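1. build the 3D model from these lines:
(one chain, ligands or ions: 2)
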Amino acid sequence: MAMIETQDVKKSYPSGEGLMEILHGVSLSIPAGHCAFIVGPSGSGKSTLLHLIGAMDQPTSGRVIIDGADLTTMSEAQKDIFRRDKIGIIFQAFNLVGNLTAIENVLVPFLPRGITPELRDRATEMLKKVGLGHRLTHRPNKMSGGEQQRVAIARALVKHPQVVLADEPTGQLDSHTGEEIFRILRNLQHESGTTLVVVTHDRRFIQPGDLVLEIEDGLLKH
Ligand SMILES: Nc1ncnc2c1ncn2[C@@H]1O[C@H](COP(=O)(O)OP(=O)(O)O)[C@@H](O)[C@H]1O
Ligand SMILES: [Mg+2]
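-> Residues are numbered from 1 along each chain as shown. Ligands and ions are numbered 1, 2, ... in the order given. I've put the predicted structure just below:
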């Protein structure tokens, strides 16, 4: 069954007087538990597409269906809950909170509902899984880029999301650290059976069995 499906998705942004269409009708289907790569030149619409899949933005037309639910018919409040419960997101720039420790950063998604001791244990466990058991109370400015991205991975995965989205997750890292980040992501994905969608420039990380979606000028190449 498809975990992620888009049907003829178009996206336009206001530009000058009118609208500029960035995605010209993207239809794709990603089966549950698979790893999909979105590749293509800079400016081709990769991040735009990922944002639509993650319910962070709305398509201008077309449908986005995640785990059978049509995001385009949800209210903002429904989408907030959907994102919170189903989607883990990893960004190129890590997007950690500077004055929080590693463990507090991992717990950020739960702050609105309150942190229980059980959640704290889960966050600790997740940081250990990404190899940061010795960095629990470090703040981001005391960690390397690779360590910060591992905190971001722990934060994305601690809520056991069905879908993990990563936008150029190794774009700010050297190639060795990038490989390490992908090894961790793959292991966790394998272990938890999440559906992983990665935007990247770097085709080195693609493995046999992965779905490769090539986008150019707002269209998928087939
Ligand atoms: N919020 C926005 N408003 C206007 N234009 C945007 C916005 N976001 C992206 N764009 C434009 O859409 C195009 C595709 O951007 P993006 O999806 O970020 O590309 P990619 O991630 O493939 O580099 C670019 O030309 C970019 O300038
Ligand atoms: Mg981008």
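2. looking at the nearest residue to residue 192 once chain neighbours are set aside now. What's its pLDDT?
-> Spatial nearest neighbour of residue 192, excluding adjacent residues (C-beta to C-beta, 6 or more residues apart in numbering): residue 160 at 6.5 Å. Using the backbone N, CA and C atoms, a C-beta is placed for each residue, glycine as well. We have a pLDDT of 93 for residue 160.
3. what about residue 160, which SS state?
-> When classified by DSSP: H, G, I helix; E, B strand; the rest coil, residue 160 comes out as coil.
4. check residue 56 too.
-> coil.
5. report pLDDT for it.
-> Model confidence at residue 56 (pLDDT) stands at 94.
6. ok, now which ones touch it?
-> 83, 89 (C-beta atoms under 8 Å, 6 or more residues apart in numbering).
7. what are the bridge partners for the residue nearest the centre of the chain, then?
-> With distances taken as C-alpha atoms, centre = their mean, residue 165 lies nearest the centre of the chain, 1.9 Å away. Taking DSSP bridges as the rule, residue 165 bridges to residue 89, residue 197.
8. quick one: the strands in the chain?
-> 2-15, 18-31, 35-39, 61-66, 69-70, 87-91, 163-167, 195-199, 211-216, 219-220 (DSSP state E).
9. reformat those strands as CSV; add mean pLDDT and distance to ligand 1.
-> Putting these into CSV (pLDDT from 0 to 100; distance: least, C-beta to the nearest ligand atom, whole Å) gives the following:
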stretch, mean pLDDT, distance to ligand 1
strand 2-15, 97, 3
strand 18-31, 97, 4
strand 35-39, 97, 8
strand 61-66, 98, 15
strand 69-70, 96, 22
strand 87-91, 96, 12
strand 163-167, 97, 7
strand 195-199, 97, 6
strand 211-216, 97, 7
strand 219-220, 97, 12
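10. can I get these in TSV with distance to residue 110?
-> Formatted as TSV, the strands of the chain follow (distance: least, C-beta to C-beta, whole Å):
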stretch	distance to residue 110
strand 2-15	23
strand 18-31	27
strand 35-39	26
strand 61-66	21
strand 69-70	22
strand 87-91	13
strand 163-167	17
strand 195-199	22
strand 211-216	31
strand 219-220	36
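11. between those, which one is closest to residue 137.
-> strand 87-91 (22.0 Å; C-beta to C-beta).
12. now what about the closest one, what contacts it?
-> 54-56, 66, 149, 152-153, 155-157, 159, 161-169, 185, 194.
13. filter those residues to the buried ones?
-> The neighbour count (16 or more other C-beta atoms under 10 Å) marks 54-55, 66, 149, 152-153, 155-157, 159, 161-169, 185, 194 as buried among the contacts of strand 87-91.
14. and the residue nearest to residue 192, how far from residue 172?
-> Noted for residue 160: a distance of 26 Å to residue 172, by C-beta to C-beta, to the nearest Å.
15. those two: who's more crowded?
-> residue 172 (16 against 13; other C-beta atoms under 10 Å).
16. could you verify my assumption that the more buried one touches residue 144?
-> No: using C-beta atoms under 8 Å as the test, residue 172 is too far from residue 144 to be in contact (10.9 Å).
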